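A.B. asks: quick one, what's the 3D model for this:
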Amino acid sequence: MKLKKLGQSDIEVTELTFGCMSIVNDINCDNQNEKDSIQAIELSIAEGINFFDTAPMYGDGASEVLLGKALGTSRKKVVLASKIHGPLKKADVLRECEKSLTRLNTDYIDLYQIHWPDWNTPLEETIAALEQLKTDGKIRLYGVSNFGKQDLSEAIRLGNVVTNQMSYNLIWRNIEKEVQPICQKAGIGILCYSSMMQGLLTGKFKDVADVPEGRARSRHFSKNNRPLVRHQENGFEKETFDAIDALRKICETHHLPMGTLALKWLLAQPAVTSVLAGARNAQQAKENIDAVNSEVSTEILKEASEATEHLKNVSGFNLDMWAPGSRIR
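C.D. replies: The predicted structure is shown next:
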């Protein structure tokens, strides 16, 4: 599998990242079996995947614990990414990093990311704490996540940020409007989460009524009769499923799995370093790997862009898929 450098660093990662949110139970995933999760991780390593991304928020630390257990003696073979979720004062950053190191059963984290901005703490203080962690050998690199135009520009000015992890997929393309150009100019690698949009881009849901409540929380969906949504908006359900139907037709015409198109399209976009994809078992992990290793023509990728352009236009500039008043600026 093709390797790309994290930002302008010398650390190389695979184009596919094993996203570790779904290896434990949470609102999006229940009845997950630990043995299945470990087998998915072990198969990924055997198939050459070297990049694993987790966070303390996933299962209240359970994802970090399980990932550390599953990696075992393979720890030195992989690039391990985790995150810190605010508050982001210096003492908080140093303390939370130590907790993650303990849960992950490692003495360093390769890429430590600010999960969400903390506007109550000067970013300069947070960056200084991350620099201290680098100096102390606790982390090798640091990046940000969910940073929009304003915060990303400030982070670039203050420190050596190598990545910005953002929600980005064929039916959520808002970062293209302002954030992607900044990353491209500054040499910041984009790590794409929600690459399959919680299963919507696999084609498993034929219409809006098929989507379970736990996966119908994004701003794509109407607030009406959706008890788990955080926003109070009407959404853009018709435009979303029109786009999904158009993508389905493209894939049927070219005999291509929808998930393959979703991943390969992302990897063709400017500044994208790696795409995150979760796997609840070894079979799903192998499907993700095969998808990224496959070939999809530029003509098909162009068709996919055109099929989702209208949805991109109606979705606006808010980069937050979940909240109405953006937590991203």
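
A.B. asks: tell me where the stretch 201-329 of the chain has helices.
C.D. replies: Assigned by DSSP state H, counting those that start in this stretch, the stretch 201-329 of the chain shows helices spanning 237-254, 258-267, 282-293, 298-314.

A.B. asks: out of the ones you listed, which is closest to Asn146?
C.D. replies: Of all those, helix 258-267 sits nearest to Asn146, with 17.1 Å by C-beta to C-beta. C-betas here are computed from N, CA, C, even on glycine.

A.B. asks: can you give the contact residues for that closest one?
C.D. replies: Here helix 258-267 makes contact (C-beta atoms under 8 Å, 6 or more residues apart in numbering) with 15-16, 168-170, 192, 195-197, 201-203, 247-248, 250-251, 272, 275, 277, 287-288, 290-292, 294, 296, 300-301, 304-305.

A.B. asks: could you give the bridge partners of Val13?
C.D. replies: Val13 has these beta-bridge partners by DSSP bridges: Lys4.

A.B. asks: wait, doesn't it sit right on Leu3?
C.D. replies: Yes: counting by C-beta atoms under 8 Å, Leu3 is a contact partner of Val13 at 6.6 Å.

A.B. asks: residues near Trp116, how many?
C.D. replies: Trp116: 20 surrounding residues under other C-beta atoms under 10 Å.

A.B. asks: and it, what pLDDT?
C.D. replies: The per-residue pLDDT reported for Trp116 equals 97.

A.B. asks: kindly report the same for Ile27.
C.D. replies: 59.

A.B. asks: again, but for the one 5 residues further on
C.D. replies: According to the per-residue confidence, Gln32 scores 88 in pLDDT.

A.B. asks: list the contacts of Ala285.
C.D. replies: Contact partners of Ala285, counting by C-beta under 8 Å, 6+ apart, are Phe18, Ala40, Ile41, Leu43, Ser44, Glu47, Ala279.

A.B. asks: check Gln132 too.
C.D. replies: Lys90, Leu94.

A.B. asks: mind checking the SS state of it?
C.D. replies: Three-state call for Gln132 (DSSP: H, G, I helix; E, B strand; the rest coil): helix.

A.B. asks: tell me where the chain has strands.
C.D. replies: In the chain, the strands defined using DSSP state E lie at 3-5, 12-14, 16-19, 51-53, 79-84, 109-114, 139-145, 161-167, 189-193, 272-278.

A.B. asks: re the thing from before, show the buried residues in the contacts of helix 258-267.
C.D. replies: Buried residues within the contacts of helix 258-267, counting neighbours by 16 or more other C-beta atoms under 10 Å: 15-16, 168-170, 192, 195-197, 201-203, 247-248, 250-251, 272, 275, 277, 287-288, 291-292, 296, 300-301, 304-305.

A.B. asks: excluding its backbone neighbours, what's nearest Val78?
C.D. replies: Of all residues not flanking Val78 in the chain, Asn50 sits nearest, at 5.0 Å (C-beta to C-beta, 6 or more residues apart in numbering).

A.B. asks: shouldn't the one you found be in contact with Glu15?
C.D. replies: No: the pair Asn50 / Glu15 is not scored as a contact, 10.5 Å apart, by C-beta under 8 Å.

A.B. asks: need the overlap of contacts for those two.
C.D. replies: When contacts are counted by C-beta under 8 Å, 6+ apart, Asn50 and Glu15 have Leu3 as shared neighbours.
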